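[1] Just the structure for this:
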Amino acid sequence: MVTVLDGHPHTLAFLTGIRNVPGVHLGVTRFGQSGDLASVYRYHGIDTESIVANALDLLG
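    Below you'll find the predicted structure:
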């Protein structure tokens, strides 16, 4: 399971524990960055490419 939130990644981390499934939790861990939405999401690793890459890594 890949969880993505434009907040702290641990907010949704409990979801993988419910069914004991492997997971990756993506989100914002540093604050103070500014820019257009696409750039900020890319910086934090919650853009489309990062989500797909993490999902593929999780699958092996």
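[2] So residue 40 lies in a helix, does it not?
    Yes. Counting by DSSP: H, G, I helix; E, B strand; the rest coil, residue 40 is located in a helix.
[3] Skip the chain neighbours and tell me the closest residue to it.
    Nearest non-adjacent residue to residue 40, counting by Cβ to Cβ, 6 or more residues apart in numbering: residue 33, 5.7 Å away. C-beta here means a position set from N, CA and C on the backbone, and glycine is covered the same way.
[4] Pull the contacting residues for residue 41.
    Listed by Cβ atoms under 8 Å, 6 or more residues apart in numbering, the contact partners of residue 41 are 6, 47.
[5] how about a cut-off of 7 Å?
    Taking Cβ atoms under 7 Å, 6 or more residues apart in numbering, we find residue 41 in contact with residue 47.
[6] same question, residue 7
    Residue 7 makes contact with 27, 28 under the criterion Cβ under 7 Å, 6+ apart.
[7] what about it, which SS state?
    Here residue 7 is coil, with the state taken from three-state DSSP.
[8] I'd like the mean pLDDT over stretch 40-51, please.
    Stretch 40-51 carries an average pLDDT of 96.
[9] Centre-most residue in this structure?
    residue 26 (1.5 Å; Cα atoms, centre = their mean).
[10] Phi, psi for it please.
    Main-chain torsions, residue 26, degrees, to the nearest 10: phi -110, psi 140.
[11] cool, and residue 56?
    Its backbone dihedrals place residue 56 at phi -70, psi -40, with angles given as degrees, to the nearest 10.
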